[in-house]
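Trainee: structure of the sequence below:
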Amino acid sequence: MSNLKHRAATPFLAAALLLCGAVAVPAHADSGTMKPAGQNAAPAPHFNKQQLEKFAKAEARVRNIGEQYSKRMRSAKDKKTALAIKAEANKKMVKAVQETGMSVRGYNAIAHAAFNDPTLRKRIQAMR
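Mentor: Residues are numbered from 1 along each chain as shown. Sure, this is the predicted structure:
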């Protein structure tokens, strides 16, 4: 995967991973083990304009929360404190997604699809 694509898609993936309870990837992370879009990928599902607009709004909120809490997590004194901060961030992210009228599952489906589909990612970015 090109570094440029990875950086453009990272906010979607990081937010989706955090909502799933996994550790979010920092924006500067680079992974040479990730496969380029299209390799072993299922066809992207179709999302309507309303779904994508809700996602764009939710993604902006989730990204903002993630940025705020990642600073706190990095400065945590121990793992227990970092995990508590992560849990608090996750709750706020879930609430932010749900306040847009989306489910976490729906948000994550679009985030995953946008990570793998540059055309979809551009459509969402144009809605910001």
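
Trainee: can you get me a residue count around K49?
Mentor: Neighbours of K49 under the rule other Cβ atoms under 10 Å: 9. For every residue, glycine as well, the C-beta is placed using N, CA and C.

Trainee: quick one: low-confidence parts of the chain?
Mentor: Applying pLDDT under 70 to the chain flags residues 1-44.

Trainee: the helices in this structure, which residues?
Mentor: With helices called from DSSP state H, the chain shows them at 3-20, 49-74, 79-99, 104-116, 118-126.

Trainee: list the buried ones in the fourth one?
Mentor: Buried residues in helix 104-116, defined by neighbour count with 16 or more other Cβ atoms under 10 Å: V104, G106, Y107, N108, A109, I110, A111, H112, A113, A114, F115, N116.

Trainee: make a markdown table from these and add distance to N64 to it.
Mentor: Shown next, in a markdown table, are the buried residues of helix 104-116 (distance: Cβ to Cβ, whole Å):
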| residue | distance to N64 |
| --- | --- |
| V104 | 17 |
| G106 | 20 |
| Y107 | 15 |
| N108 | 18 |
| A109 | 21 |
| I110 | 18 |
| A111 | 15 |
| H112 | 21 |
| A113 | 22 |
| A114 | 18 |
| F115 | 19 |
| N116 | 24 |
